[in-house]
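# mind folding the following:
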Amino acid sequence: MVGGQVGGIALLLVAAIILVLSGIYSNFILNLSLAGIWPLVTISLLILLGCAAILYGASIWYVLLYKAWAVIQDGNVSTTPERAVGFIFIPFYNFYWIFKAWHGLARDYNHYLERRGLKAPKMKEGLFLAFCILFICITVPVLNYVAGLPFLLIFTITANQTIDGVNALLAQKLTA
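Here you go, the predicted structure:
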């Protein structure tokens, strides 16, 4: 699962770079008042490529969330993998649900370890809470400039903790 997370982050960075380049290129073209179809086609293709990379990177994030919830299903958790991922797509409700999906995952995962008496790395619930708060902050104009870098840092840490936890549980299930 590590390769998917690294690939997802790399794709999100590539998407951001592509979108910035398309903005720079479009400003350059518009400032020169160049007419023609090819500059517009190039700008459109760069924007579409950036959006495709963002969608693919985000889909990796949702797969990770789904698999993390799936591995701890024992009848004592607060949601299902389908709900954890699906409710994130509901506009405005997703601002609440991100806390249930990610912070709730850390909490339920840690309770799962305690219930089962398993030796696996615990997830730091405070980091997952910070991740959720920063996720909301990056959607607010101007605040997103301040929250963007901390969000990426905490996103990477929480994704790694999630991957480590899921892999540890899967390894223990295989040996049991």
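# off-centre distance for the longest helix along the chain?
The longest helix of the chain (DSSP state H) is helix 37-71. For helix 37-71, the distance from its own C-alpha centre to the chain's C-alpha centre is 12 Å (Cα atoms, centre = their mean, to the nearest Å).
# what average pLDDT does stretch 143-163 get?
When pLDDT is averaged over stretch 143-163, the result is 89.
# tabulate the CA atom coordinates of it in CSV.
Coordinates of each C-alpha in stretch 143-163 appear next as CSV, following Å, rounded to 0.1, in the frame of the first residue of the first chain:
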residue,chain,number,x,y,z
LEU,A,143,-6.7,30.4,4.8
ASN,A,144,-5.7,27.7,2.3
TYR,A,145,-2.4,29.5,1.7
VAL,A,146,-1.5,29.1,5.4
ALA,A,147,-2.9,25.6,5.8
GLY,A,148,-1.7,24.0,2.6
LEU,A,149,1.8,23.0,3.6
PRO,A,150,0.9,21.8,7.1
PHE,A,151,-2.0,19.9,5.5
LEU,A,152,0.4,18.1,3.1
LEU,A,153,2.8,17.3,5.9
ILE,A,154,0.1,15.9,8.3
PHE,A,155,-1.6,14.1,5.3
THR,A,156,1.6,12.3,4.6
ILE,A,157,2.1,11.3,8.3
THR,A,158,-1.5,10.1,8.8
ALA,A,159,-1.5,8.2,5.5
ASN,A,160,1.7,6.5,6.6
GLN,A,161,0.2,5.6,10.0
THR,A,162,-2.9,4.3,8.3
ILE,A,163,-0.8,2.2,5.9
